[in-house]
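Engineer: Please work out how this folds:
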Amino acid sequence: MKYVLTLIGGLLVGAVLMLFFMGAPRAKQMPGAPVQPPDAGGDAPGTAIVRIDENFFNTILGTIFKDAGAPAFPLKLASLKNGSQGDQMTMRYALFQSDCNDTVVLAQEGSGVKTVVRFADGKIVAPLAFSGSYSAPILGCVRFTGWAQANIKLFFDQSKQTVYGQVTVESVNLDDTSPIINNIITPLVQGAINQQVNPLEILRAPQLALNIPVQASHGTLKAQVKDVRSEVKDGVLLLHIAYDFKAERNGQPQGSGQPQG
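Structural biologist: Residues are numbered from 1 along each chain as shown. As a prediction, the model looks like this:
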């Protein structure tokens, strides 16, 4: 009996220590470059400012929960990469699998918070309510609820003409769990969201590009985005989108640059 208790304790401590020293998997590398704030000297000629308020994003979230269902992400204990081979090994406790689905599910509301996007203090933040279950070693099926605090940073990939968002979970708050369970579940939830949500497409190429026929000159005015800047004010996200304009006549380029005032 003493041997069995020692073995169980060793497994639990080993799992906790592995999670502690390895940490949660970090968010994926983002395409493009981080979006910077506007220049102090003002916007360049040919810059459009797009205003997006919190209600826009939260209406989208509400529609997703209502019509598409709650987003769900599988939980993994840990993953290691072999630098020389590039192979990925995933540690699984198959012996202790049960009817748990090893998944964290975002909720529209729970644990005293609502899943929303907020623009405040120069940052884009998002409290995320969730629930889930995990087949933990020895402990069996662990069911949990809670909420996470996340921030969102913007990136712009000029080659793809796309603005991306990177969601990073900064903290996880579980409801009524023991320290051992908290130490196991917290990095799993954090890693699942950081790894599987990103990159998040905010604005895609068809939404940013301009293609305007000019009938009087039998030509077309086209524009691609060359730079994106952003600023966050209370309740509002302002995107400063700088365009590179080109005109074509009968399919032949006529010039490029900014429109003349």
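
Engineer: wait, D175 sits on A129?
Structural biologist: No - the pair D175 / A129 is not scored as a contact, 10.4 Å apart, by CB atoms under 8 Å. Placement of C-beta: from N, CA and C, glycine included.

Engineer: low-confidence ranges in the stretch 101-250 of the chain?
Structural biologist: Low-confidence segments of the stretch 101-250 of the chain, defined by pLDDT under 70: 250.

Engineer: In this protein, where's the longest strand?
Structural biologist: Counting by DSSP state E, the longest strand found in the chain is strand 140-157.

Engineer: Can you give me the buried ones in it?
Structural biologist: 142, 144-148, 150, 152-157 (16 or more other CB atoms under 10 Å).

Engineer: So which elements touch it?
Structural biologist: Identification of packing neighbours for strand 140-157 by 3 or more CB pairs under 8 Å, 6 or more residues apart in numbering; DSSP states H and E yields strand 33-34, strand 123-136, strand 162-174, helix 179-196, strand 219-233.

Engineer: if I look at L210, how far off is Y164?
Structural biologist: The gap separating L210 from Y164 is 20 Å, by CB to CB, to the nearest Å.

Engineer: The two - which one has more neighbours?
Structural biologist: Neighbours around L210 and Y164, counted as other CB atoms under 10 Å, are more numerous at Y164. The numbers are 22 against 13.

Engineer: If the more buried one is in a bridge, with which residues?
Structural biologist: Bridge pairing for Y164 (DSSP bridges) gives the partners F155, E201.

Engineer: That one contacts V228, doesn't it?
Structural biologist: No - contact criterion CB under 8 Å: Y164 and V228 do not qualify, at 10.5 Å.

Engineer: need the helices and strands packed on strand 140-157 in JSON lines with distance to N55, can you?
Structural biologist: JSON lines is the format used below for the helices and strands packed on strand 140-157 (distance: least, CB to CB, whole Å):
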{"stretch": "strand 33-34", "distance to N55": "26"}
{"stretch": "strand 123-136", "distance to N55": "14"}
{"stretch": "strand 162-174", "distance to N55": "17"}
{"stretch": "helix 179-196", "distance to N55": "23"}
{"stretch": "strand 219-233", "distance to N55": "15"}
